[in-house]
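J.: generate a structure from the sequence data that follows.
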Amino acid sequence: MKHISIFAAFLCCAATLISCEKEPGSLPGKQRVRCYEYGAKTEGFTSCTRETYSYDNKGRVTEVACDDGKNQSVALYTYGNNSITVTIKPAKDSPLVTEVYKYTLGEIGFINKITITTEDKTTEYNVLYDADGHLKGVEEGMEMKWTDGEYTGYFLYTLKASNIPFHGFVPYNAIPGAATDAALYRQGLFGKVSAHLPGELSVTGLSQETTTFEYSLADGRVQSVKETILSKPILGEEKTEYRYSRVTWAE
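T.: Residues are numbered from 1 along each chain as shown. Take a look at the predicted model:
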């Protein structure tokens, strides 16, 4: 599921807090993505993944269909009073369920807990916010095996904003935590956001990974993004990778 793959941020454009009485994901004035394509190999997208978005009459995401040219999947969104359930299936009509994500909303309407259920286990994450209500990350305890025992560590995310105003889109890599969901982030459910798109994101764990974002805009909206990802492992050699994405906006 691409929503949760790689990919964090304290971004973009001041969002109104959602009260418990409002339906989750129903913030007004959000620009809607119709299609998001991303590829890691070539700028020409000879190998890429395509996500196609569907919405209900309240402007909430109901479905994200993913196709990487070899495999397909669909994420189906169901909205409750204080929770959102995202069901991952190979196809919309398939009886098979790959994963289920339950996002629980806190008192001010931001997601504060994520429960992931797969065939063989259930995992819970707490969503972290700073004192101002901006997304700080997802609590991701990891057990890492060392020759002298076990160590539990956490990732540290550092974001530097660009000077480009936010207009309803953010690259998934700029959202912290493997369990966050880009569609729900864009709907204002992962905290308040700042006024600008991300410029540089650093993730520190067992290695240092720094991503810089370059944007192509038209009419004030993102049309494409180039991400340059520099990895500095504790052991091994540095490497640079590139990821290209483009956005088609819904009318």
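J.: chain center to stretch 191-198: distance?
T.: 14 Å (C-alpha atoms, centre = their mean, to the nearest Å).
J.: could you export it as PDB, CA atoms only?
T.: What follows is stretch 191-198, C-alpha atoms only, in PDB (Å, rounded to 0.1, in the frame of the first residue of the first chain):
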ATOM      1  CA  GLY A 191      -2.900  17.800  12.400                       C
ATOM      2  CA  LYS A 192      -2.500  21.500  11.600                       C
ATOM      3  CA  VAL A 193      -0.200  22.300   8.700                       C
ATOM      4  CA  SER A 194       2.100  25.200   7.900                       C
ATOM      5  CA  ALA A 195       1.900  27.500   4.900                       C
ATOM      6  CA  HIS A 196       4.500  26.000   2.600                       C
ATOM      7  CA  LEU A 197       5.400  22.800   0.800                       C
ATOM      8  CA  PRO A 198       8.300  20.800   2.200                       C
END
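J.: can I assume residue 97 is in contact with residue 87?
T.: Yes - when contacts are counted by C-beta atoms under 8 Å, residue 97 is listed as touching residue 87 (6.0 Å). Glycine gets a C-beta too; all of them are placed from N, C-alpha and C.
J.: look up phi and psi at the spatially most central residue of the chain.
T.: The residue lying closest to the centre of the chain (C-alpha atoms, centre = their mean) is residue 182, at 3.3 Å. Note on residue 182: backbone dihedrals following degrees, to the nearest 10 are phi -60, psi -40.
J.: setting the sequence-adjacent residues aside, check what's closest to it.
T.: residue 172 (4.6 Å; C-beta to C-beta, 6 or more residues apart in numbering).
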